[in-house]
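**Student:** With the input below, show me the fold.
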Amino acid sequence: RRWLMEWYGQSLFGEIVKSEKFPKILERRRRGNPKHLAEVMENCSVGRLSSAWNLFENSGAPILYLYGERDTKFAALADKLRARSGSHVLVHAIQGCSHAIVEEQPDATAREIVRFLSTDSLPTTVGSSDCDNLMIASVQVRRMDVKLKDPLQLSRGDAMTLRKGFLIECISMGGHVGVGECTPLPGFHEQTYEEVERQILDACKCLCGRIVPRAIANFDGSFTRWLFGEISDVEKFAQWHFDVSQVGRQLPAESISPVVLAALEMALVQLVSHALERPLCRVLSPPSSGHSKLRSFVSLNGLMTRGEVELPRSCSSRVVKVKVGGKEDVKKEAEELRDLVKKAKEEGWKLRLDANRCWDLEQAVQFVSSIGFDNLSVIEYIEEPLTDFRQLPRFFQQTGLSYALDESLLDDSWEELAQDAGLAALVLKPTLLGGLERCCQLKLRAREGVKAVLSSAFESGLAHCFYGIAAGVLLDVEEAHAHGLSTFERLETDSLTVPMSQTMWNGRIDIFKCEQELFSIKGNLKKFDLISD
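**Tutor:** Take a look at the predicted model:
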């Protein structure tokens, strides 16, 4: 109390200590967080701030400078401003107060601000008229546990019975909400659950006060440039209000793993969609994109994990992904697969084999020849058959079986295969690659005719809805094909208000129902534990 009395007794504050409002001001200051106050004083010190004279003298942007009549220090500064600034700077004294004009004369201060904002000299719009000043006010992170129907054994790691992840809820100043899902898959994502949690919480600290541009939904590099780019002066000013320690702090790109980046992208793109009050499919496909048709449904391939022998009858696309390569005897495994190939041939199915880089070139060729070259018409492609992807052109030459890339897309060395005749598809997993923006960039690098197949990794219904809409808009422009977004079928519980299965129609994702779920999901978040606010 004594220190505050001495502080407000300085000439800068005039006679504020004699004001009838001063006891309330003093009490509020005494309730302040000492650490926060110290951070404010450190970060707002003159030595840390750049000169604003260029803004007053040369910017041309309308500026209002208000000061207290009895504030001798800032009154002297006002005289300098009048002498050195152009007509774009309006300098005005608030009568009957000293430094704390908002505290001492709130009505008079508000009147001057309203008068200033009502003048014709202000620009009528700034940026996009549809989504102006979309500032993030808060970010909440929740833990999400989703049960699986049965234990799930993947090609790596132990069998899973539970999918553990996080929901990131970005809330704008206007109350709009965008939600992203981050569900790391053990054995596939390099980071542990705990490491992902730390990354999310650290990244979210930097988001409050940021202004989200409409362009992040273009998936042309705008999102990553904005996320990791410089913070504007307006954003820095806002960050003082939210968290002084984060003012001007840029998020290091190397500190964010792909699974976290994809979740942030999901949340922020949805935030833009909700702020614009437009369906996500329209935000991803504005008139300027040239996409004249929007699909109502997205087809899915079925999934058969190792050990399963029956075709998934619920799969309306009659395209199924089959995991192979899990046995030491390559020839015997191929012979066992022949029965499935024969059945698929008889019933008009197509198979997509996935070997997860299990074989060398000799083993892969032996596997294909053991299936029988006359049966290859049933197989669309085999995904990542070789440990050394550089030998894939030779594999295609020797077998005639087209291949798809998945793990090889994690670095840019795959581009030497981008124009190869044997390349049939890119299997794009947003949570492994770092989001849809990265997926779209990879698609553009492959030769014309190569399919882009969006693939999930046992995320909840939220991610499946988001990526289902994106698949129909971004990847099915020329022709529709089956995407790998059926892993939700393994879930017993979900993040959505209804199970993901209810957003399906005849075995296909219903885009309209997905849009409904994305707009209503915020009402379902409270069932998940909040870990930050």
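**Student:** And residue 275, how close does it get to residue 473?
**Tutor:** For residue 275, the distance to residue 473 equals 19 Å [CB to CB, to the nearest Å]. Where you see a C-beta, it was placed from the backbone N, CA and C, and this is true even at glycine.
**Student:** Could you do residue 16 as well?
**Tutor:** 58 Å.
**Student:** Let me see the domain layout of this protein.
**Tutor:** With domains defined by the TED database, the chain comprises 1-118, 135-278, 297-526.
**Student:** Report the mean confidence score over the second one.
**Tutor:** Right, the one you point to is domain 135-278. Averaging pLDDT along domain 135-278 gives 90.
**Student:** Over to stretch 458-474?
**Tutor:** Average pLDDT, stretch 458-474: 91.
**Student:** Off-centre distance for it?
**Tutor:** Offset of stretch 458-474 from its chain centre (CA atoms, centre = their mean, to the nearest Å): 13 Å.
**Student:** Can you get me the start-to-end distance on stretch 518-525?
**Tutor:** End-to-end distance for stretch 518-525: 12 Å, by CA to CA, to the nearest Å.
**Student:** Now the spatially most central residue of the chain: which helix or strand?
**Tutor:** Centroid-nearest residue in the chain, with CA atoms, centre = their mean: residue 265, separated by 1.2 Å. Per DSSP states H and E: residue 265 is located in helix 258-276.
**Student:** Which strands or helices does the helix or strand following that helix pack on?
**Tutor:** Remark: after helix 258-276, the chain's next helix or strand is helix 280-284, criterion DSSP H and E. Helices and strands touching helix 280-284, by 3 or more CB pairs under 8 Å, 6 or more residues apart in numbering; DSSP states H and E, are helix 258-276, helix 461-470, helix 511-520.
**Student:** Now do the contacts for residue 451.
**Tutor:** Residues near residue 451 by CB atoms under 8 Å, 6 or more residues apart in numbering: 424, 425, 426, 481.
**Student:** For the last one, which three-state class applies?
**Tutor:** If I follow you right, that is residue 481. Under DSSP: H, G, I helix; E, B strand; the rest coil, residue 481 falls in the coil class.
**Student:** and if you look at the third one?
**Tutor:** Reduced to three states with three-state DSSP, the structure at residue 426 is strand.
**Student:** my guess is it meets residue 440, correct?
**Tutor:** No - with contacts counted by CB atoms under 8 Å, residue 426 stays clear of residue 440, the gap being 11.0 Å.
**Student:** out of those two, which sits in the busier spot?
**Tutor:** Neighbour tally, residue 426 and residue 440, criterion other CB atoms under 10 Å: the higher count belongs to residue 426, 25 against 19.
**Student:** Tell me the bridge partners for that one.
**Tutor:** On the basis of DSSP bridges, residue 426 is bridged to residue 405, residue 452.
**Student:** residue contacts, it?
**Tutor:** 404, 405, 409, 442, 443, 446, 450, 451, 452, 453.
**Student:** please redo it, this time with the cut-off set to 6 Å
**Tutor:** Taking CB atoms under 6 Å, 6 or more residues apart in numbering, we find residue 426 in contact with 405, 442, 446, 452.
**Student:** Output these in JSON lines, with neighbour count, pLDDT and distance to residue 188 appended to each entry.
**Tutor:** Shown next, in JSON lines, are the contacts of residue 426 (neighbours: other CB atoms under 10 Å; pLDDT from 0 to 100; distance: CB to CB, whole Å):
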{"residue": "405", "neighbour count": "24", "pLDDT": "97", "distance to residue 188": "16"}
{"residue": "442", "neighbour count": "18", "pLDDT": "94", "distance to residue 188": "18"}
{"residue": "446", "neighbour count": "21", "pLDDT": "91", "distance to residue 188": "23"}
{"residue": "452", "neighbour count": "21", "pLDDT": "93", "distance to residue 188": "20"}
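**Student:** Looking at those, which one is closest to residue 377?
**Tutor:** residue 405 (21.8 Å; CB to CB).
**Student:** how far does stretch 276-283 sit from the chain's center?
**Tutor:** The chain centroid and the centroid of stretch 276-283 are separated by 16 Å under CA atoms, centre = their mean.
**Student:** Quick one: end-to-end length of it, please.
**Tutor:** End to end - CA to CA - stretch 276-283 spans 8 Å.
**Student:** picking up where we left off before, can you give me the neighbour number for the residue lying closest to the residue nearest to the centre of the chain once chain neighbours are set aside?
**Tutor:** With sequence-adjacent residues excluded and distances taken as CB to CB, 6 or more residues apart in numbering, residue 265 is closest to residue 435, at 3.9 Å. Each residue near residue 435 was counted by other CB under 10 Å, and the total is 24.
**Student:** coming back round to it: let's see if you can find the most crowded of the contacts of residue 451.
**Tutor:** For the contacts of residue 451, neighbours tallied by other CB under 10 Å; top is residue 426, 25 neighbours.
**Student:** Determine whether the claim that residue 169 is in a strand is correct.
**Tutor:** Yes - counting by three-state DSSP, residue 169 is part of a strand.
**Student:** For it, which residues are in contact?
**Tutor:** By CB under 6 Å, 6+ apart, the residues touching residue 169 are 140, 179.
**Student:** do the same with residue 411
**Tutor:** Applying CB under 6 Å, 6+ apart to residue 411 gives no contacts.
**Student:** how close does it sit to residue 334?
**Tutor:** The spacing between residue 411 and residue 334, counted by CB to CB, is 30 Å.
**Student:** now residue 174
**Tutor:** Computed as CB to CB, the residue 174 to residue 334 distance reads 59 Å.
**Student:** What is the neighbour count of residue 3?
**Tutor:** By other CB under 10 Å, the residues close to residue 3 number 8.
**Student:** Am I right that it falls within a helix?
**Tutor:** Yes - secondary structure assignment (three-state DSSP) places residue 3 inside a helix.
**Student:** and it, what pLDDT?
**Tutor:** 79.
**Student:** Tell me where the stretch 101-250 of the chain has helices.
**Tutor:** Taking DSSP state H, counting those that start in this stretch as the criterion, the stretch 101-250 of the chain carries its helices at 101-104, 106-117, 193-205, 222-228, 233-242.
**Student:** Reformat those as TSV; add mean neighbour count and distance to residue 30.
**Tutor:** Below are the helices of the stretch 101-250 of the chain laid out as TSV (neighbours: other CB atoms under 10 Å; distance: least, CB to CB, whole Å):
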stretch	mean neighbour count	distance to residue 30
helix 101-104	18	15
helix 106-117	13	21
helix 193-205	17	27
helix 222-228	18	39
helix 233-242	16	20
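**Student:** could I get those as CSV with distance to residue 81?
**Tutor:** Output for the helices of the stretch 101-250 of the chain, formatted as CSV (distance: least, CB to CB, whole Å):
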stretch, distance to residue 81
helix 101-104, 16
helix 106-117, 15
helix 193-205, 35
helix 222-228, 33
helix 233-242, 18
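**Student:** Between these, which one is closest to residue 325.
**Tutor:** Of all the helices of the stretch 101-250 of the chain, it is helix 193-205 that lies closest to residue 325, at 27.5 Å by CB to CB.
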